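Q: When you get a sec, could you give me coordinates for this:
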Amino acid sequence: MLGVQSLGPLAPRRVAEGIVREASGVPLEPAPVSGHSEMSSERDAWVTLLGVPGLGPVTFASLLAAFGSARAVLDEAAETAGPSRLREALAHAAADRANDRVEAAASRSDPTSDAWHGRRADLGADLARRICESVSVGARTVELVRSLGLTVVTLDDTAYPDRLRRVDMPPPLLFVRGSIDSLAASHSIAVVGTRRPSDKGRLVAGWIGSGLARAGAVVVSGLAVGIDGAAHAAVVGEGLATVAILGGGHARLFPRAHERLADAIVAAGGAVIAELAPETPASRGTFPRRNRLVSGLSDAVVVVEAGRRSGALITAGWALEQGRECFLVPGPIDSPTSAGCNAFLRTFPGQARVVCGVPELIEDLGLAAEDATDGAGDPTEPGRSKGHAGAHRAPSATAAGAGRAAAMASLGPVERLLAECLVQGPATADDLAARTSLPGAAILSALTLLELRGFVSGSYGRYIPAGLLARWPGSHQREPV
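A: Numbering: from 1, shown residues only. So this is what the prediction gives:
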């Protein structure tokens, strides 16, 4: 019924082993609680701070800009019961919290009025109080992350998925159980749909999921019952990688019926990820955020079956907004499970495309030609060989090294100087100006050129190395939690 029958008997979930396995199969031991490096301490601070209720990515970015690091924010919060500097920074940040319901209501008032300034101060004081309270419980959250065997990937990490980094307001951190490499596959396709599919819809989802996996794509979905579960299970049945995105936290995995499926996904070289703290329950408000990640981590979204009010249509809408391709399986005009797909195709002609068959879909996605030209692996199973190797194959060290050297040699003196600074760690334009003594205009111009060439990525005013520069010898590599 849930699309997991083909999995057979699976071992019960072991969430407290404290071990995750990367694609290579090498066990990764979580870091000890004591003796953190500076890097681990900052990562733990991100986990603690982003677990504060009501603190969204905009406010988090404002705090980083004001204090320089998440650890500095927590240090300020730990000093006194109500640190004035923290309250002041949060009062200013409250005006930019577009994702906060209270701010959305307050924005209808005159932002220049005394009442509005008083409201901002109230918001800052209330959030400052919650941050102060989080200091005492932060260690428990970090310990829970370790006990669940999760890897924390922040926006400052080179391992953060490039697809997701490019969307508007990417989540500041991800909690990953399983292979981080599966998030950076060369091809990533989402397969989503209703929780109450027809028998034929569930079968079609399995066909599409396994077909895409054999053609070399990592299949992304939301681990929900119905279409999502059928697509995940079909890929696991092929022994290939699929990525499941949770609507809540790992410690409250939802739905519970898919715990064994989540274990099988990790065992097959895939990953189960969440942007929310481990103990966050899934709710009506968290699923749209999950859907945004599903499309953001994918090159294209395929909707198999969806009613008129299905959450899968939210994922399709996000796909169009994020510039992803969108494919929908049409159905009979009298079928409730196809009403949403048919309506979406009618509403977005020329943007949403029809799925006419699995081979046709693979061809439309550009996977067929690439698969046909790939001579590696067993010729009797070209899809399986391409899918398994294509998603996790390590690049040639010689070729990659030559490419980096040539790329760095092609940079001008200013761009190269900034590149050498950024490989030491994330930095703002002001940080780079202080380190290099270059004028601001020269730094911004050079950063723009580096971004256009794919060597630098900017998020919330902070710049980090990307592409070949992220793997440049001497690049600052962050170790997972």
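Q: What separation do you get for the residue nearest in space to the middle of the chain and V304?
A: For the chain, the residue nearest the mean C-alpha position is L164 (5.3 Å; Cα atoms, centre = their mean). Going from L164 to V304 by Cβ to Cβ, to the nearest Å gives 23 Å. Where C-beta positions appear, they are placed from N, C-alpha and C, glycine not excepted.
Q: Quick one: the helices in the stretch 301-450 of the chain, in order.
A: Counting by DSSP state H, counting those that start in this stretch, residue ranges of the helices within the stretch 301-450 of the chain are 311-321, 339-347, 358-364, 367-373, 382-392, 397-409, 413-422, 429-436, 440-452.
Q: weakest of those helices by average pLDDT?
A: Among the helices of the stretch 301-450 of the chain, helix 382-392 carries the lowest mean pLDDT, a mean of 38.
Q: Quick one: end-to-end length of stretch 306-325, please.
A: 17 Å (Cα to Cα, to the nearest Å).
Q: In it, which of the residues would be classed as buried?
A: Counting neighbours by 16 or more other Cβ atoms under 10 Å, one finds that the buried residues in stretch 306-325 are 306-307, 310-320, 322, 324-325.
Q: cool, and stretch 231-250?
A: For stretch 231-250, using 16+ other Cβ under 10 Å, the buried residues are 231-238, 240-250.
Q: do stretch 159-167 as well
A: Buried positions in stretch 159-167, judged by neighbour count with 16+ other Cβ under 10 Å: A159, Y160, P161, R163, L164, R165, V167.
Q: try stretch 184-201
A: Neighbour-count burial for stretch 184-201 flags 184-185, 187-195, 197-198, 201 (criterion: 16+ other Cβ under 10 Å).
Q: Quick check: mean pLDDT of that stretch?
A: Taken as a whole, stretch 184-201 has a mean pLDDT of 93.
Q: picking up where we left off before, the residue nearest to the centre of the chain contacts V176, doesn't it?
A: No: here L164 does not reach V176: they are 11.9 Å apart, not a contact under Cβ atoms under 8 Å.
Q: Are there residues contacting both of those two? Which ones?
A: The contact sets of L164 and V176 overlap at L183 (Cβ atoms under 8 Å, 6 or more residues apart in numbering).
Q: ok, now which ones touch S298?
A: Counted by Cβ under 8 Å, 6+ apart, S298 has contacts R163, S188, I189, A190, V220, A319, R324.
Q: and those as a markdown table, adding distance to G425 and secondary structure?
A: Shown next, in a markdown table, are these (distance: Cβ to Cβ, whole Å; DSSP: H, G, I helix; E, B strand; the rest coil):
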| residue | distance to G425 | secondary structure |
| --- | --- | --- |
| R163 | 23 | helix |
| S188 | 28 | strand |
| I189 | 34 | strand |
| A190 | 33 | strand |
| V220 | 30 | strand |
| A319 | 34 | helix |
| R324 | 31 | coil |
